[in-house]
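[1] what follows is a protein structure lacking sequence information:
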Ligand SMILES: Nc1ncnc2c1ncn2[C@@H]1O[C@H](COP(=O)(O)OP(=O)(O)OP(=O)(O)O)[C@@H](O)[C@H]1O
Ligand SMILES: [Mg+2]
């Protein structure tokens, strides 16, 4: 199965559909619901990678900020580069953007080597630097027009304003915007040339949860439009929520890579079933152990945690509980998350606990 | 090069500047306020009041004694003119209001007078009749000194006399001196601080990084910014000049040379700003550094007060400061209409501009480490 994007001839909305190469199917538009027939092409775009990085390295004096990393980002995916402060995210992304010189390694964007052909790539990428702050005294719309005028390839500025929900702020001076709006304008700026690849360096750091959600919505929208997004972040939830593919970077090295599922399957614990406020907890623990559940533990207050390796186990446990007429307040199943994966891999937490 | 991009960037710079109260204040309101203020305070006051030039052609014990006596009155700011200088053209060129020449043979004549009762020597006193007060003060001080000397030498017979030579120099006021200085100073400030903002704030805010990934080239960017600096320079000059003409009735000459000096000044101090921003990364610190450089330079380069009123060693320092040549160049070409001098000053400004601007551009780091 491969994914292919189609543009609705009726409303212009772009949507992805899955199918086998050559397969024909009738689909309906996700926006206007009009029906149409599509053919999945034999050579889908999916095989091309938008970004290829190999053996990239950056050394600052004694510090190897980026240590011989290689990865590729497929066209149309949201690729999250996840890592704690100082992991080397910005250094990596700025080398890809040709802002910093790599110590070693090679990078291609859309099949072009950036060492020699970066100027040809410029029209096709849009970047948002970390902690970006635009011209203070231009309005939102002027800012977008300014950056748009630097390119030959242009997206419609007013369309961008609309799709990023900036219409009511378009005549405000940039300096008077809230942090969340500034970031949204930053993303908007990165779209003025209708780029194929968008680089966003920590677009939500320092934003409150609501503003963060809004930026997430924007990024999800980009994905829907078929853009390739390279996102750096140190927020698990952000990577979990947005990314098709995650690379975990730690001390300059990629220590794990794959889809969210891959990472959790390979590095996380399996899920855990929590029984809350169970009567006779000690007896129940004993009983479960006898039934062959190895990792059962008391969490105090009558709470019990049981490791589950596959779904069916939950039903088994439930039937045991019912059989013995055991009373409890509630049940919940917690899946392993990235935080846990990260803890496993590095022995440290990704985000410091807030005091 | 895409001139459309250059023009577009320029237009947006103007827009941003127009909305910035700080920018408007420093480039327009501040110089106007200063001009009006200083113009009012010093109106009618000649710029070289009580400044006395002396050419001592005798170079003897006695001539030096005479100088010392004059000096001891503490009424004058005395400047020594070298013996090989032609005083008539010197007076014309520098607009000297009062100058005394002690002739060769001054001491000899006095010595001879003991034997030869008819021996007599005259000092020459060149004065500007329009500077009545100054002339009056100097005339009376000199005559009382001479009276004293004659009395001691010969019981009152006049051995040392004075021949007065009236010179008509143009009568320039303090405002004539001040206005070109204000123009040079304002352009300097605008260029230095603007350049620092671009090289520190824009770097920190990621604007330079962002631009590196867009199709705008370094040349287009620099050209657009210089265009903006020249726009500010033109605006400042126009405004200050209009005030000079309307409020103070000045005659101001805007020649091609004036424009060339103004352009070169923009480049010169933009380059200086780039150099400061290159080595001092923090914007506030860089601004402080700029102040530490431009403020002393403002005083030492004779921007607001004539250099002749300063001690000799400070006057020497002035000659290595680029702003000094800007000031002199603008004064000579806008006000004093002194072609040769202003050409020389202008040439020095252009050389300074080339050096600072080129090193500034070459040393500026565009990419990140
Ligand atoms: N110009 C530089 N000179 C020296 N060291 C640097 C430089 N830039 C980055 N570093 C170091 O390289 C390491 C990686 O930094 P980088 O900014 O890439 O981290 P990051 O993952 O983006 O972190 P953050 O989440 O804080 O943005 C850090 O230890 C940093 O101190
Ligand atoms: Mg970073």
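    Perfect, thanks for sending it. Predicted model only: the values in this text are computed from it and were never measured. Numbers count the residues shown, from 1 in each chain, chains lettered A, B, ... in the order given. Ligands and ions are numbered 1, 2, ... in the order given.
[2] for the stretch 1-150 of chain A, which segments are assigned as strands?
    A:2-7, A:14-19, A:24-28, A:35-39, A:49-60, A:63-74, A:78-82, A:104-109, A:112-113, A:125-128 (DSSP state E, counting those that start in this stretch).
[3] turn these into TSV, columns for distance to residue B:25 and mean pLDDT.
    No exception for glycine: its C-beta is placed from N, CA and C like everyone else's. Formatted as TSV, those follow (distance: least, Cβ to Cβ, whole Å; pLDDT from 0 to 100):
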stretch	distance to residue B:25	mean pLDDT
strand A:2-7	52	72
strand A:14-19	50	78
strand A:24-28	61	83
strand A:35-39	62	80
strand A:49-60	42	95
strand A:63-74	43	95
strand A:78-82	45	96
strand A:104-109	45	96
strand A:112-113	48	93
strand A:125-128	33	97
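[4] can you redo those as TSV with distance to ligand 2 and mean neighbour count?
    Below are those laid out as TSV (distance: least, Cβ to the ion, whole Å; neighbours: other Cβ atoms under 10 Å in any protein chain shown):
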stretch	distance to ligand 2	mean neighbour count
strand A:2-7	30	17
strand A:14-19	30	15
strand A:24-28	40	11
strand A:35-39	40	12
strand A:49-60	13	18
strand A:63-74	10	18
strand A:78-82	10	27
strand A:104-109	18	18
strand A:112-113	25	14
strand A:125-128	12	26
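[5] now those strands in CSV, with distance to ligand 1?
    CSV is the format used below for these (distance: least, Cβ to the nearest ligand atom, whole Å):
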stretch, distance to ligand 1
strand A:2-7, 30
strand A:14-19, 31
strand A:24-28, 41
strand A:35-39, 41
strand A:49-60, 4
strand A:63-74, 3
strand A:78-82, 8
strand A:104-109, 15
strand A:112-113, 22
strand A:125-128, 13
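[6] right, so of these, which gets closest to chain B?
    Ranking the strands of the stretch 1-150 of chain A by proximity to chain B (Cβ to the nearest Cβ) places strand A:125-128 first, at 5.0 Å.
[7] so residue A:255 sits right up against residue A:249, yeah?
    Yes. Assessed by Cβ atoms under 8 Å, residue A:255 is found in contact with residue A:249 at 7.3 Å.
[8] okay, these two: which has more neighbours?
    Remark: of residue A:255 and residue A:249, residue A:249 carries more neighbours, 25 against 16, as counted by other Cβ atoms under 10 Å in any protein chain shown.
[9] quick check, that one in a strand?
    Yes. Under DSSP: H, G, I helix; E, B strand; the rest coil, residue A:249 sits within a strand.
[10] leaving out sequence neighbours, find the closest residue to residue A:288.
    Once flanking residues are discounted, residue A:288 sits nearest to residue A:296: 4.9 Å by Cβ to Cβ, 6 or more residues apart in numbering or on different chains.
[11] what is the neighbour count of the one you found?
    Count around residue A:296 with other Cβ under 10 Å applied: 19.
[12] ditto for the one 5 residues further on
    Here the neighbour count serves as a burial measure; for residue A:301 (other Cβ under 10 Å) it reads 10.
[13] so what's the residue nearest to residue A:288 up against?
    Contact analysis of residue A:296 by Cβ atoms under 8 Å, 6 or more residues apart in numbering or on different chains lists A:285, A:288-289, A:304-307.
[14] format those residues as JSON lines; extra columns: pLDDT.
    Listed next are the contacts of residue A:296 as JSON lines, based on pLDDT from 0 to 100:
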{"residue": "A:285", "pLDDT": "87"}
{"residue": "A:288", "pLDDT": "85"}
{"residue": "A:289", "pLDDT": "86"}
{"residue": "A:304", "pLDDT": "87"}
{"residue": "A:305", "pLDDT": "85"}
{"residue": "A:306", "pLDDT": "86"}
{"residue": "A:307", "pLDDT": "80"}
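[15] with respect to residue B:29, which of these is nearest?
    residue A:305 (70.9 Å; Cβ to Cβ).
[16] same for whichever helix or strand the closest one is part of, what does it pack against?
    Assigned by DSSP states H and E, residue A:305 falls within strand A:304-308. On a contact count with 3 or more Cβ pairs under 8 Å, 6 or more residues apart in numbering or on different chains; DSSP states H and E, strand A:304-308 meets strand A:271-276, helix A:281-290, strand A:296-298.
[17] determine which stretch of these is the most buried.
    strand A:271-276 (a mean of 18; mean count of other Cβ atoms under 10 Å in any protein chain shown).
[18] count the residues that sit near residue 246.
    Using chain A. Close neighbours of residue A:246, defined as other Cβ under 10 Å, add up to 25.
[19] looking at chain B here, not the other one
    Residue B:246 has 9 neighbours, counted by other Cβ under 10 Å.
[20] which parts of the strand holding residue A:305 are buried?
    By 16 or more other Cβ atoms under 10 Å in any protein chain shown, the buried positions in strand A:304-308 come out as A:304, A:306, A:308.
[21] residues in contact with that strand?
    Outside strand A:304-308, the residues within contact range by Cβ under 8 Å, 6+ apart are A:269-275, A:278, A:281, A:284-285, A:288, A:293-299, A:314, A:317, A:333.
[22] which element is encountered next along the chain beyond it?
    The helix or strand immediately downstream of strand A:304-308 is helix A:312-323, counting by DSSP H and E.
[23] tell me what angle that next one forms with helix A:281-290.
    If you take axes from the mean of the first three to the mean of the last three Cα atoms, to 10 degrees, helix A:312-323 sits at 130 degrees to helix A:281-290.
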